[in-house]
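Asks: The following comprises the amino acid sequence and a computationally predicted model.
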Amino acid sequence: MNNDNFNFWKMVYDMKAIDINTLRKAVKTTSNPYGEISEEQFKEITGVDFEVKETTATPQTTPVTQPVTPVQPQQVTQ
């Protein structure tokens, strides 16, 4: 594993720029073959054994919008 990747992830975790769940996404696993750190490096950074956590997707909500009614010009009558 590239030591620079480990140093980067350790630095941002120590700075509290990311939390443990974000760091978990950087671990190379069978479901994430492009991860940048190993499970052992995850433990070295956090002090916690790496476990694959099931993540549930949060449902995407569509913002509620009101229909726009164009303003009708008023006719001036004399």
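Replies: Perfect, I can see it now.

Asks: any idea how far the lengthiest helix in the chain is from the chain center?
Replies: Taking DSSP state H as the criterion, the chain has its longest helix at helix 3-14. Helix 3-14 sits 17 Å away from the centroid of its parent chain (CA atoms, centre = their mean, to the nearest Å).

Asks: E40 versus G47, what's the distance?
Replies: Distance, G47 to E40, using CB to CB, to the nearest Å: 12 Å. C-beta coordinates here come from the backbone N, C-alpha and C atoms, glycine included.

Asks: roughly how far apart are the residue most central in space within the chain and W9?
Replies: Against the mean C-alpha coordinate of the chain, by CA atoms, centre = their mean, the closest residue is T22 at 6.2 Å. T22 is 10 Å from W9, where distance means CB to CB.

Asks: try N32
Replies: Per CB to CB, N32 is found 14 Å from W9.

Asks: And F50, by the same measure?
Replies: 13 Å.

Asks: With V27 instead?
Replies: In this structure, V27 and W9 are 9 Å apart, going by CB to CB.

Asks: Can you pull the residues that touch both of the two?
Replies: Taking CB atoms under 8 Å, 6 or more residues apart in numbering as the contact rule, V27 and W9 both touch 37, 41.

Asks: and G35, how many neighbours?
Replies: 19 (other CB atoms under 10 Å).

Asks: for A26, same thing?
Replies: Counted with other CB under 10 Å, the neighbours of A26 add up to 21.

Asks: related to what we said a few turns ago, in terms of neighbours, single out the busier of G47 and E40.
Replies: Higher neighbour count among G47 and E40: E40, with 13 against 8, using other CB under 10 Å.

Asks: so what's K16 up against?
Replies: By CB under 8 Å, 6+ apart, the contact set of K16 is empty.

Asks: Phi first, then psi, for it.
Replies: Backbone torsions for K16, taken as degrees, to the nearest 10, come to phi 60, psi 30.
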